[in-house]
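A.B. asks: sequence-free structure coming up:
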């Protein structure tokens, strides 16, 4: 009965804050020491101190399961690590443009030596980039996109070794290091606290002032620690939800870059989706009104549609866009090729076409471009009675 | 007495702590393991992961005769699927072997060639086929999606497909008549 009173008072003491309550407990301790055997007192006090923050007595603890203080640190650690993982590894924090750039840099150009598709202009590299962008727009995951390529090209499609269990697990290493550091720190804290309590146990028992200071120190330390950790958790969760917090690597950007949009537009044009392609070229031109490639491609598609629909105003609009592109960059070879073909096939002007083709050939264009337009170029030179350049055979 | 009494519960708490810590560690490792798990990409070590698998279907208008063709139309015969371009010199180099192969097996009625235009226009590719005397069908691939579905890097690349639609062999670079016939006889 007396012992129960002691335990109850000790609980109050640990949670207590005033000198008065400490004094009251000291009086009770003295009272207890006078009436109960030493062993009982020491058992009670030692257990009380080992429970550290004293939400429950040892007896209560045995009845109601593990002490709260024993599990709070691991729980906080798990939350911290979990929120860190969520913030750091959550794929959705990347924009489509960032995802595309990241994937491009991982995929090897199959027609090149040690080069990623990001840096290649080879036909197949451009097709792969377009496929990646389309897959991203279709909300496929990075793994789905990479696996679909690996299923046809094999592991050689990866610029660096990929897909092994070791590589998949490698990202855990920094997390484990952080975990062990935090785990070690928390254990050290708990051990130091226990030693501190043991060392001053007698003083604490007999000197309520020290005991009060210790309680305040414990509380300050605990609440400061918990506050800092909760702030850390909030920070990582904030990063995970895409907030622009200090330390975030890159800002959010909802759109693809112009270079990526060009690949998408060219892909759309190649699949015959002219309306979508023109819409994408316009999007590029909104971002960069002087984009020579977008102007030329849009002009070419519009003029071809004009020719197909016998709409001269569309042909004229296409021509105007290509001329605008040439005003920004007179040495853009493809613009001269397109303009030459418009003059030859839409406007029946072989002489003007031959002039544009000559300029095109003088700009060292890719061989496949020369080959694909060879018949039209030869026709233009023949019709205008000009000598056929040697490069056309 | 005080010391022994204080040490005893400390050891017990220490053991519990180690046990609890180990459990937490196991749980965290498990969670991280689940997070880390992602199915590894194909690990087929042959030159083409498609070998032994059904050939991706191909369908489109033939640039040779404007008729609709599909790879599935060729079931019952071996198919030589040839990726080519008019600007590709090795494609021209391999053309005699393909012409001879097409002629020989047309007589035997057991194999045909189907072309796929790689990064080229229909008009140039058609002109190229006429210039080498080819009469087989060929489909356009302006977006490169057929090439990607077959893991093609650059032309010429050729696939031997079984009468049941399985990819049997892949040839990178210009083919020879001997090489084609050897491959065919191996699977006949």
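C.D. replies: Ah, there it is. The model shown is predicted, which means the values in this text are computed figures rather than measured ones.
A.B. asks: Number of residues surrounding residue B:182?
C.D. replies: By other CB atoms under 10 Å in any protein chain shown, the residues close to residue B:182 number 11. All C-beta atoms are positioned from the backbone trio N, CA, C, and that covers glycine.
A.B. asks: per-residue pLDDT, the residue of the stretch 51-200 of chain A found nearest chain B?
C.D. replies: Taking CB to the nearest CB, chain B has its nearest neighbour within the stretch 51-200 of chain A at residue A:127, 2.6 Å off. Here the pLDDT value assigned to residue A:127 is 92.
A.B. asks: doesn't it fall inside a helix?
C.D. replies: Yes - with DSSP: H, G, I helix; E, B strand; the rest coil as the criterion, residue A:127 is part of a helix.
A.B. asks: Around the closest residue to it other than its chain neighbours, count how many other residues there are.
C.D. replies: The spatially closest residue to residue A:127, leaving aside those adjacent along the chain, is residue B:144, at 2.6 Å (CB to CB, 6 or more residues apart in numbering or on different chains). If you count neighbours by other CB under 10 Å, residue B:144 ends up with 22.
A.B. asks: Contact partners for residue B:144?
C.D. replies: For residue B:144, the contacting residues are A:123-124, A:126-128, A:130-131, A:270, B:118-119, by CB atoms under 8 Å, 6 or more residues apart in numbering or on different chains.
A.B. asks: just residue A:386 next, same as before
C.D. replies: Applying CB under 8 Å, 6+ apart to residue A:386 gives the contacts A:354, A:358.
A.B. asks: can you rerun that using 10 Å?
C.D. replies: Neighbouring residues of residue A:386 by CB atoms under 10 Å, 6 or more residues apart in numbering or on different chains: A:350-351, A:354-355, A:357-358, A:380.
A.B. asks: where's residue B:170, which helix or strand?
C.D. replies: When elements are assigned from DSSP states H and E, residue B:170 belongs to strand B:167-172.
A.B. asks: Give me the local confidence score for whichever residue of chain B sits closest to chain A.
C.D. replies: Among all residues of chain B, residue B:144 sits closest to chain A, at 2.6 Å; criterion: CB to the nearest CB. With respect to pLDDT, residue B:144 scores 91.
A.B. asks: How about the backbone phi and psi for it?
C.D. replies: Main-chain torsions, residue B:144, degrees, to the nearest 10: phi 80, psi 10.
A.B. asks: re the thing from before, isn't the residue of the stretch 51-200 of chain A closest to chain B up against residue B:150?
C.D. replies: No - here residue A:127 lies out of contact with residue B:150, judged by CB atoms under 10 Å, at a distance of 11.9 Å.
A.B. asks: Now do the SS call for residue B:115.
C.D. replies: Following three-state DSSP, residue B:115 is assigned to strand.
A.B. asks: which secondary structure element contains the nearest residue to residue A:291 once chain neighbours are set aside?
C.D. replies: Leaving aside its chain neighbours, residue A:291 sits nearest to residue A:284 (5.3 Å; criterion: CB to CB, 6+ apart). Element membership for residue A:284 (DSSP H and E) is helix A:274-287.
A.B. asks: Which strands and helices lie in contact with that helix?
C.D. replies: Contacts defined by 3 or more CB pairs under 10 Å, 6 or more residues apart in numbering or on different chains; DSSP states H and E place helix A:274-287 against helix A:258-270, helix A:292-308.
A.B. asks: tell me the angle the shortest one makes with helix A:274-287.
C.D. replies: When axes from the mean of the first three to the mean of the last three CA atoms, to 10 degrees is applied, the directions of helix A:258-270 and helix A:274-287 differ by 160 degrees.
A.B. asks: Could you list the low-pLDDT ranges of chain B?
C.D. replies: B:1-14, B:28-46 (pLDDT under 70).
A.B. asks: For it, which segments are assigned as strands?
C.D. replies: Assigned by DSSP state E, the strands in chain B fall at B:59-61, B:68-70, B:78-84, B:111-117, B:137-139, B:157-161, B:167-172.
A.B. asks: want to throw the ones you listed into CSV with distance to chain A?
C.D. replies: Converted to CSV, the strands of chain B look like this (distance: least, CB to the nearest CB, whole Å):
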stretch, distance to chain A
strand B:59-61, 11
strand B:68-70, 15
strand B:78-84, 10
strand B:111-117, 10
strand B:137-139, 14
strand B:157-161, 10
strand B:167-172, 10
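A.B. asks: okay if I get those as a markdown table plus mean neighbour count?
C.D. replies: Listed next are the strands of chain B as a markdown table, based on neighbours: other CB atoms under 10 Å in any protein chain shown:
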| stretch | mean neighbour count |
| --- | --- |
| strand B:59-61 | 14 |
| strand B:68-70 | 14 |
| strand B:78-84 | 24 |
| strand B:111-117 | 23 |
| strand B:137-139 | 23 |
| strand B:157-161 | 24 |
| strand B:167-172 | 19 |
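A.B. asks: got those strands as JSON lines, with distance to residue A:84 columns?
C.D. replies: Shown next, in JSON lines, are these (distance: least, CB to CB, whole Å):
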{"stretch": "strand B:59-61", "distance to residue A:84": "50"}
{"stretch": "strand B:68-70", "distance to residue A:84": "52"}
{"stretch": "strand B:78-84", "distance to residue A:84": "48"}
{"stretch": "strand B:111-117", "distance to residue A:84": "49"}
{"stretch": "strand B:137-139", "distance to residue A:84": "52"}
{"stretch": "strand B:157-161", "distance to residue A:84": "47"}
{"stretch": "strand B:167-172", "distance to residue A:84": "46"}
